[in-house]
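>>> Build me a model from this:
(chains A and B)
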Amino acid sequence: MDLISALEGLVSELQEGLNQASSLEALEALRVDMLGRKGRIARIMAALPSLDAKERPAVGQKANSVKERCNALFDARKTALEREKEEASLRRFDASLPGRTPWRGSLHPDTLVMEDICRVFQGLGFDVASGPEVEIDHYNFEALNMPPEHPARDMQDTLYITDTVLMRTHTSPVQVRTMLSHKPPVAVVVPGKVYRRDSDLTHTPMFHQIEGLMVGNNITMAHLRGTLTAFVRAVFGAGTRVRFRPSFFPFTEPSAEVDISCCMCDGKGHVDGGPCRVCKTTGWVEILGCGMVDPAVYESVGYPVDVSGFAFGMGVERVAMLKYGIGDLRMFFENDVRFLGQFVG
Amino acid sequence: MLLSLSWLREFTPYEGTAEQLGDRLTMLGLELEDIVHPYESIRSIVVGHVVSCEAHPQSDHLHLCQVDAGQGALLDIVCGAPNVAQGQKVPVALVGTTMPDGLVIKKAKLRGAPSMGMICSERELGLSEDHSGIMVLPDDFLPGKPLVEQLELDREVLDISITPNRADCLSVLGLARETALAFHLPLNVTERILQEDDGSPEVRIPIDIQAPDCCWLYAGRVISGVKIGPSPMRLRHRLHAVGVRAISNIVDVTNYILFECGQPLHSFDLDKLQGGRIVVRLAEPGEKFTTLDGQERNLTGDDLCICDAGRAVALAGVMGGQNSEITEASVNVFLESAVFRPATIRRTSRRLGLSSEASYRFERGIDQRRSCWALDRACAMMASLSGGRVRRGLSLSEPKPFVPVNISFRPARVDALLGVTVAPDFDEKSLVGLGCPVKKQDDVWVVTQPSWRPDLTREADLIEEVGRLHGLDTIEPVLPPVAKNLEDAGDPESRFAFWSRLKRWGAGLGLNEAINYSFVGHRDLDRLGLPKDGRISIKNPLSSDQDVLRTSLAPGLLHDLRNNLAQGAQGLRLFELANIFEADPLSETTARETGMLGVLLYGSRYDSAWPQVGEDVDYADLKGVVEHLLRFLRLKAPECVVEPVHPFLQPCVRVEISGKQVGVMGRVKPDMADAWLARKDVWLAELNLETLRALHDAVRLSFAPLPVYPPVRRDITVMAGYGLTVADIEKHIYALRVPLLEDVMLVDCFAPEAIKETEALRHLTFRLTFRHKERTLKDAEVDKLRENVANSLVKNLKVQI
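Down below sits the predicted model:
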């Protein structure tokens, strides 16, 4: 009988111990002492075989029920203590502490714009092509209907390597290279670096262009207008209006310059009552040059006379300046991280 | 091209505003750049009437004037000009007026006499350089009225940008033609009006054109008995409004006609022409010639000269010579009107860096059928302005008369190219309106080129004309069908797409993308000790900072480092993808362009201080970036081989994959980095994108089934001298080909302080991972394998365990 009362006593003893245990560590010590493999209940159980056979079942039963009750008491206390600990740690949590920030990268605005534009044209079925930046006069000028001494060469001040080798002044030589290596139909856009002998507030000696070329059967100026309208809406927003003004480029005819409604003043010419500095109150900003490919270009690449097609070219920095509101062209190549870091994916 | 509205109206009765005209011309392909207000700065100057004029009692040169400037009361004005006199009409700046030079007119007292304004000279008004006295106005001018209005000066002048194909629009006449067409107005061109002088003998100057390919027409006339003087006010002001300085009645007329009809003219002092004849010939190589601006020019055999019997007197189409120029003493004038081959003039003008209004027009093409008209019109004006007589006889030689091109024109082709239906009536009306005679046949018309449109020679040129008159902006936009060849399907990823992916990788990793100029200075390359062989120099660089194409991305990135340090940056993590350029005689372009990826790491590892630790980047950061890239490209871990000699990196590590070098990485030599103001280590990697692309393309990504049984791991810590690298130990372990060994990885590196450098040891802990494909491993067998590895390391690499 002693054993049974001893077992009974353990329950209240445990209850008391649990009430005093204020940490999970103390709780664990208590558990080992009471319920562990060599704990007090275990020790009593170990004494069972030496008991009288008649007593054994009652003590055994008692021991099991005490063990169950102790376990239950213990678990309840443990849950309570854990909840308390969790609540305490939540009270100490400060959501405004800085994060462990990984490096923050960025893409150059030219890259962002070139990717944007190429994506739009790829959606319309154009492939992306590229070509060398050091070019021969033939591809840069002659094959594009600009023989030596053509006044149109004045439009592009050129950096020369030798008399016949130069830094390409536009991405248009890739048009020629593409047509020489591909039969019609072709549809390519060509993003890349181009070079002019020009450096001031609004010109840098290197900048980026995207050239487009589509040649096939029955390609018309209406297709050119459709393609560029789609591009303008995709890059500058669905509400952007487009205007085609006749112009001149040696390698297209008819040629046009394309204006879009000014994104700064929404084509109104004025912002907050003052004149718009981007479009100089005209409501339009020039964005690219284009036209139907001149027959002389087809001739220089050996295309049949009955094909037709269009070409266009635009300055990437110009698009970026309009799209992101960058006022100073020279920032593009200074690579100040305070500038670069603003253009994230 | 500056266009004065009043001048335009002499040719066509345009009554609209400058804005309306500018807008319309813009949509016709003649882009309005700006509307200039040339006389805005003298808008408030009024006409005054000098009612009385007396000498100032306290001065030997000042005058006391009473002026009626329409202000009610007469104004007292003190004037110092020698020519001021009673009864004159003069320009007056009232008190409060701001003069063109910024001077504000105030009430003043001059030697005791009050002055309530200023009587102005032409120079003070910005009208000319004349400051010899005040400007005296015609008697019929009304006091108090604005000067600009009384002089009928152009309030607005259109600045129109003329594309190189529109030579015809480099004149008032040409723009009037476009204006008349646009607004359906008549074009009034005076017929030839020339009174030759019947009283004196005929003069014909013999013209000997020895270079008929280069000079297509040469005409001239003689005007005798001219008196050189200033041109009348109206003519001077008209030239002034389009930005031309007035010189004398003879020279001003040549400029006037140039702007009016686009034909450049040149006036010679006939008495300075030796032998009374003109020879047009190519220069002797090395011939020297002094142009009007006083510069001696060295000529080549490509330059065309106008000569008299003995010497060159003008550089054809570009500039006259000092030896034959009109001076105040000139009495007899030989006036030239010629047409030269555009390419000849352009070559000379470009080579000499000498562009004039004349050469600009000759380069683009002249209306040869108007040359004699222009000559006659100029002669008539000169005679009436200078009191001279136009002598009978036109001197003319025309080796290559203008022959218009007859162009086959298919109205159907207009629709096919523009994508709209244009009525044949509209085609005809447009072409006729442009001055093209049209012979209509069924499907193919014959359209004749007008003499003033050198740009119209092909059907495409005519379609462009019809298009711009129809309005390109009215064509309904349509998306084209997809134009692709089936053969091109399955082409490899474009270079742009591959680079794009790498840029996304770089930005995603946390680097900032930079773009630098492709050119740097030879000096920059020298400073980094890069080889001089194989560099590609720019022949005509803008500056010595940009005189060679870069052979490495390092100078650009270091330049960016300096820029950012100057802005106070503490750390920098840049990357750039760009070509480097090396001479390659086998290349069509003489250049080999190689795509490179550059990475620069510098300074603080993290931008934020907490919870990061404030440390600087080191080799491990750079190597980590490089390894990350290779992993991104599906390539295996590289071999890193120390390169003992590199121009600017030390240490320098060659990055190799399967024995192929893909680039280098290392620390920029501190003494070199110093030149870019770096105060800490600069870590830089340059990788060859062409090699990486080839390696990447060769990798086939394929799935490896996941292991079924768990791995067992065992660590070995060795103590090894510094000569033994981690790679040496790993390589040794792998070479043992221990069965079931899956992976070896360094997990700890500890370097206790050593007393002697030679005895210094590192404690390196490697974790070996074992796995069996078909069953769970037992501890005992793994322990045995680990033991084998440990023993081999001790035995063969002499390390301690």
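>>> For the stretch 51-200 of chain B, what lies in contact range of chain A?
B:Thr163, B:Pro164, B:Asn165, B:Arg166 (Cβ under 8 Å from any Cβ of the partner chain). For the C-beta atoms, the positions are set from N, CA and C on the backbone; glycine is no exception.
>>> any idea which helix is longest in the chain?
Just going to use chain A. Ranked by residue count under DSSP state H, the longest helix found in chain A is helix A:55-92.
>>> The chain in question should be chain B.
Longest helix in chain B, counting residues (DSSP H): helix B:779-797.
>>> Quick check: bridge partners of B:Phe581?
On DSSP bridges, the residues paired with B:Phe581 through beta bridges are B:Glu593.
>>> Give me the most central residue, chain B.
What sits nearest the mean C-alpha location of chain B, by Cα atoms, centre = their mean, is B:Leu542, with 12.0 Å.
>>> Do you have the strands of the stretch 301-450 of chain B handy? List them.
Using DSSP state E, counting those that start in this stretch, the strands of the stretch 301-450 of chain B run over B:304-307, B:312-315, B:319-320, B:333-340, B:389-390, B:395-397, B:406-409, B:438-439, B:445-448.
>>> Is it possible to get JSON lines of those strands that adds mean neighbour count?
Shown next, in JSON lines, are these (neighbours: other Cβ atoms under 10 Å in any protein chain shown):
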{"stretch": "strand B:304-307", "mean neighbour count": "25"}
{"stretch": "strand B:312-315", "mean neighbour count": "26"}
{"stretch": "strand B:319-320", "mean neighbour count": "24"}
{"stretch": "strand B:333-340", "mean neighbour count": "27"}
{"stretch": "strand B:389-390", "mean neighbour count": "22"}
{"stretch": "strand B:395-397", "mean neighbour count": "18"}
{"stretch": "strand B:406-409", "mean neighbour count": "18"}
{"stretch": "strand B:438-439", "mean neighbour count": "14"}
{"stretch": "strand B:445-448", "mean neighbour count": "19"}
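>>> Figure out the helix or strand that the one residue in the stretch 1-150 of chain A that gets nearest to chain B lives in.
Residue of the stretch 1-150 of chain A nearest chain B, by Cβ to the nearest Cβ: A:Trp103 (2.4 Å). Using DSSP states H and E, A:Trp103 sits within no helix or strand.
>>> Surely B:Met744 and B:Ala735 touch.
To be clear, residue B:744 is Val; Met isn't right here. No - counting by Cβ atoms under 8 Å, B:Val744 does not reach B:Ala735; the two are 11.0 Å apart.
>>> higher neighbour count, the two?
B:Val744 (19 against 10; other Cβ atoms under 10 Å in any protein chain shown).
>>> quick one: strands adjacent to the helix or strand harbouring that one?
Element membership for B:Val744 (DSSP H and E) is strand B:741-750. Paired strands of strand B:741-750, with direction, are strand B:761-770 (antiparallel) (DSSP bridges).
>>> Excluding residues flanking it in the chain, which one is nearest the residue of chain B found nearest chain A?
When you check chain B against chain A by Cβ to the nearest Cβ, the closest residue turns out to be B:Gly510, at 2.4 Å. Leaving out its chain neighbours, the residue that sits closest to B:Gly510 by Cβ to Cβ, 6 or more residues apart in numbering or on different chains is A:Trp103, at 2.4 Å.
>>> separation between that neighbour and A:Met155?
A:Trp103 sits 43 Å away from A:Met155, going by Cβ to Cβ, to the nearest Å.
>>> Please apply the same query to B:His772.
From B:His772 to A:Met155 the distance is 73 Å (Cβ to Cβ).
>>> Okay, strands next: where are they in chain A?
Shown for chain A, the strands assigned by DSSP state E span residues A:127-128, A:134-136, A:165-167, A:186-195, A:206-216, A:242-249, A:252-261, A:270-271, A:274-275, A:284-293, A:308-315.
>>> Dump the ones you listed into JSON lines; add mean pLDDT as well.
As requested, the strands of chain A are arranged in JSON lines below (pLDDT from 0 to 100):
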{"stretch": "strand A:127-128", "mean pLDDT": "95"}
{"stretch": "strand A:134-136", "mean pLDDT": "97"}
{"stretch": "strand A:165-167", "mean pLDDT": "95"}
{"stretch": "strand A:186-195", "mean pLDDT": "96"}
{"stretch": "strand A:206-216", "mean pLDDT": "96"}
{"stretch": "strand A:242-249", "mean pLDDT": "94"}
{"stretch": "strand A:252-261", "mean pLDDT": "95"}
{"stretch": "strand A:270-271", "mean pLDDT": "87"}
{"stretch": "strand A:274-275", "mean pLDDT": "88"}
{"stretch": "strand A:284-293", "mean pLDDT": "95"}
{"stretch": "strand A:308-315", "mean pLDDT": "96"}
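>>> Out of the ones you listed, the one nearest B:Arg786 is which?
With distances scored as Cβ to Cβ, the stretch of the strands of chain A nearest to B:Arg786 is strand A:127-128 (53.7 Å).
>>> got the phi/psi numbers for the closest residue to B:Met233 other than its chain neighbours?
Closest residue to B:Met233 apart from its sequence neighbours, by Cβ to Cβ, 6+ apart: B:Leu151 at 7.1 Å. When quoted as degrees, to the nearest 10, the phi and psi of B:Leu151 stand at phi -80, psi 0.
>>> Need the pLDDT of B:Leu151.
B:Leu151 is assigned 86 on the pLDDT scale.
>>> How many neighbouring residues does it have?
22.
>>> which ones are touching it?
Neighbour list for B:Leu151: B:Leu137, B:Met233, B:His237 [criterion: Cβ atoms under 8 Å, 6 or more residues apart in numbering or on different chains].
>>> Between the strands of chain A, which one is closest to B:Tyr360.
B:Tyr360 sits nearest to strand A:242-249 of all the strands of chain A, at 15.7 Å, using Cβ to Cβ.
>>> any bit of the closest one sitting next to chain B?
Yes - shown here: strand A:242-249 in contact with chain B (Cβ under 8 Å from any Cβ) through A:Val242, A:Arg243, A:Phe244, A:Arg245, A:Pro246, A:Ser247, A:Phe248.
>>> other SSEs contacting that strand?
Secondary-structure packing of strand A:242-249 (3 or more Cβ pairs under 8 Å, 6 or more residues apart in numbering or on different chains; DSSP states H and E): helix A:221-236, strand A:252-261, strand A:284-293, helix B:18-27, helix B:459-470.
>>> Describe which strands that strand pairs with in its sheet and in which direction.
strand A:252-261 (antiparallel).
>>> rewinding a little: deepest-packed of the helices and strands packed on strand A:242-249, please.
Ranked by mean neighbour count, the helices and strands packed on strand A:242-249 are led by strand A:252-261 with a mean of 26 (mean count of other Cβ atoms under 10 Å in any protein chain shown).
>>> Using CSV, write out every CA atom in that one.
Taking Å, rounded to 0.1, in the frame of the first residue of the first chain, the C-alpha atoms of strand A:252-261 are listed here in CSV:
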residue,chain,number,x,y,z
THR,A,252,14.5,55.4,-97.9
GLU,A,253,12.0,56.9,-100.2
PRO,A,254,9.4,58.2,-99.3
SER,A,255,11.0,59.1,-96.0
ALA,A,256,9.4,60.4,-92.9
GLU,A,257,10.2,61.6,-89.4
VAL,A,258,7.9,60.4,-86.8
ASP,A,259,6.7,62.6,-83.9
ILE,A,260,4.7,61.4,-80.9
SER,A,261,2.5,63.5,-78.8
